[in-house]
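Pasting the sequence and the predicted model now:
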Amino acid sequence: MGCILNQTHFLNARLADGTVADLTVEGGRFSAVAPAANTTPPTDGAVDLAGKLVLPAFVEGHIHLDTSFYGDAWRPHIPCTDGFDVRERVAFQMRNLEQAAPMAERAKNQLELCIGHGSLAMRSHVMVDAAVGLKHVETILAVREKYRDLIDIQLVAFPQSGILSSPGTAELLDEALKLGCDLIGGLDPASFDRDVKAHLDVVFGLAEKRGAGIDIHLHDRGSLGLFEIEEIVARTTASGMPGKVAVSHAYALGDISAEALARAGERIAAAGVAIMTNAPGDHAFPPVAALRKAGVTVFAGSDNIRDSWWPYGDGDMLNRANMIGYRSGFYEDWELEAAYDVVSHAGAKALGLEGYGIAVGAKADFVALRAEHIPEAVVAVPKDRKVYRAGREVARGGKVLA
Ligand SMILES: [Zn+2]
């Protein structure tokens, strides 16, 4: 008798395999995924998705909530004096941030941009160093709390000014993990701190002490960068941390020969280290297809959006899949599907997300958009999307609903 509590029905959802299904959501999760019954008119209270493609919400695997100027005044990009230099960029960033709108406001702008485009899980790095202390972490932790009903956010305590180069940072990183950061970050152990062993001792030491994951920014190129990746891989295995360590950017993997890459890929896959790329413009980046073939989990993020590093970024992970495919020379359907996988299922794996996908028992966090299938979605990047969190519509046409 009566209706079953809190059930929502979504009719005529086109799934990734091309079939059309009716979805039932109960308690924020899918309780049924069944072939469409073609009920016309739709039953009371049911949402007719009218054949729209339904995809699990995208995974924003690498972003900086504390340092973007999105929604703030435009900050013209300042070029480095002699080619890309991390130290110089950090100095520009410090100067820019002094004149920025309040951090919580900027973080909120960026979060709503991402949610509006359909990302409902995110990993954000947050700066920790001797100058800013834990200020950024405290602010972003509070923002995370405010948005917890809309998006799942993992925070990385990120030593933006190095660990050894900024005395006191190791203690601050420890404190940041105690306060609620989920992972510990790192930054170019060789070129920035000039001591790979000491840098990684702190990173892996704190990860073990606090049971935290690891996600290291690694811009170092060529054989130097490859050496650092090998060190991270060896320590991941030694610490028994497969599936809990990621290397972000890993540009070096885009510099080495195909043979060296195949060898490195095998080791990275065996250690369970994930590789994050944003497919940066005019820059070598990890070869996505070759790494996936070797069994490596490759995931993606927007990284910098309108910040002191570059002016690009739109917070749209489907557009990121497009860029990854474009830059990788992906044309065939299975390749376009691989580009999509990087911003969805592979991202969920890298972040260790539970209950991801369109399946019975999975969280009902999904995006509905007009495309026949995934390859078309990746090339067309339809902007007219509806975003659902736990089966409730939370964003439409790029805007978070009040
Ligand atoms: Zn970054």
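Right, received. Where do you want to start? Numbering: from 1, shown residues only.

buried sites along whatever helix or strand A142 lives in?
Using DSSP states H and E, A142 falls within helix 135-146. Within helix 135-146, the residues that count as buried by 16 or more other C-beta atoms under 10 Å are H136, V137, T139, I140, L141, V143, R144. C-betas here are computed from N, CA, C, even on glycine.

so what secondary structure elements neighbour the strand or helix carrying E60?
Taking DSSP H and E as the criterion, E60 maps to strand 58-63. On a contact count with 3 or more C-beta pairs under 8 Å, 6 or more residues apart in numbering; DSSP states H and E, strand 58-63 meets helix 103-117, strand 119-127, strand 298-300, helix 317-328, helix 333-343, helix 345-351.

cutoff 7 Å now
Counting contacts by 3 or more C-beta pairs under 7 Å, 6 or more residues apart in numbering; DSSP states H and E, strand 58-63 packs against strand 119-127, strand 298-300, helix 317-328, helix 345-351.

Contacts only, for the spatially most central residue of the chain.
Nearest residue to the geometric centre of the chain (C-alpha atoms, centre = their mean): G61, 1.0 Å. The contact partners of G61, taken as C-beta atoms under 7 Å, 6 or more residues apart in numbering, are R123, M276, F299, A300, G301, G347, A350, L351.

Tell me the spacing between it and A176.
20 Å (C-beta to C-beta, to the nearest Å).

Average pLDDT for the host helix or strand of V202, rounded please.
Assigned by DSSP H and E, V202 falls within helix 196-210. For helix 196-210, the per-residue pLDDT values average out at 98.

what separates that helix from the chain centre, distance-wise?
Relative to its chain's centre, helix 196-210 lies at 23 Å (C-alpha atoms, centre = their mean, to the nearest Å).

Could you point out the helix or strand that follows that helix?
Counting by DSSP H and E, what follows helix 196-210 is strand 213-218.

K363 is in contact with L353, isn't it?
No: if you go by C-beta atoms under 7 Å, K363 and L353 don't touch, sitting 8.5 Å apart.

shared neighbours of those two, anything?
Joint contacts of K363 and L353 (C-beta under 7 Å, 6+ apart) do not exist.

Quick check: V367 touching A57?
Yes: shown here, V367 and A57 form a contact pair, counting by C-beta under 7 Å, at 5.8 Å.

any common contacting residues for the two?
Common neighbours of V367 and A57, using C-beta under 7 Å, 6+ apart, are G118, V387.

Kindly check the end-to-end length of stretch 363-371 for me.
One end of stretch 363-371 sits 22 Å from the other (C-alpha to C-alpha, to the nearest Å).

chain center to it: distance?
Stretch 363-371 sits 18 Å away from the centroid of its parent chain (C-alpha atoms, centre = their mean).

residues in contact with it?
25, 28-30, 49, 52-58, 118, 120, 355-356, 358, 377, 380, 382, 384-391.

Name the residues of the lengthiest helix in the chain that come out as buried.
The longest helix of the chain (DSSP state H) is helix 222-238. By 16+ other C-beta under 10 Å, the buried positions in helix 222-238 come out as G225, L226, E228, I229, E231, I232, V233, R235, T236, T237.

Equivalent analysis for stretch 118-134, please.
118-129, 132-134.

Of those residues, which is the nearest to L218?
Closest to L218 out of those is H125 (12.8 Å), distances taken as C-beta to C-beta.

Contacts only, for that closest one.
Contacts of H125 by C-beta under 7 Å, 6+ apart are H64, V156, F158, G185.

partners of the one helix or strand the last one maps to in the sheet?
Going back to what we said before, that points to G185. G185 is part of strand 183-187, with elements assigned from DSSP H and E. Applying DSSP bridges, strand 183-187 is found paired with strand 152-158 (parallel), strand 213-218 (parallel).

what's the pLDDT at F84?
86.

The one 5 residues further on now?
At R89, the pLDDT value in this model is 91.

can you check W334 too?
Looking at W334, the pLDDT reads 98.

give me every residue that touches the closest residue to R144 other than its chain neighbours.
Leaving aside its chain neighbours, R144 sits nearest to I153 (4.6 Å; criterion: C-beta to C-beta, 6 or more residues apart in numbering). Residues in contact with I153 (C-beta under 7 Å, 6+ apart) are M122, S124, R144.

can you check V196 too?
Shown in contact with V196 (C-beta under 7 Å, 6+ apart): P189, A190, E228, E231.

about what we covered before: can you convert the contacts of H125 into a markdown table and add a column each for neighbour count, distance to V202 and pLDDT?
Putting the contacts of H125 into a markdown table (neighbours: other C-beta atoms under 10 Å; distance: C-beta to C-beta, whole Å; pLDDT from 0 to 100) gives the following:
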| residue | neighbour count | distance to V202 | pLDDT |
| --- | --- | --- | --- |
| H64 | 27 | 21 | 97 |
| V156 | 28 | 14 | 98 |
| F158 | 29 | 13 | 98 |
| G185 | 26 | 11 | 98 |
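
So which of those is the closest to D307?
Out of the contacts of H125, the member with the shortest distance to D307 (by C-beta to C-beta) is H64, at 6.5 Å.

May I ask you to confirm that that closest one is in contact with G301?
No: judged on C-beta under 7 Å, H64 makes no contact with G301 at a distance of 9.4 Å.

Name the residues contacting each of the two.
With C-beta under 7 Å, 6+ apart, H64 and G301 have no common neighbours.

Taking strand 183-187 as reference, get the angle to the helix or strand bottoming out on mean pLDDT in the chain.
Each helix and strand of the chain was given a mean pLDDT (mean pLDDT, DSSP states H and E); the minimum falls on helix 86-98 at a mean of 91. If you take axes from the mean of the first three to the mean of the last three C-alpha atoms, to 10 degrees, helix 86-98 sits at 120 degrees to strand 183-187.

Pull out the buried residues from helix 86-98.
Quick answer for helix 86-98 (16+ other C-beta under 10 Å): V86, R89, V90, F92, Q93, M94, N96, L97.

and the gap between L187 and S328?
26 Å.

ugh, wrong one, I meant R263
R263 is 21 Å from S328, by C-beta to C-beta.
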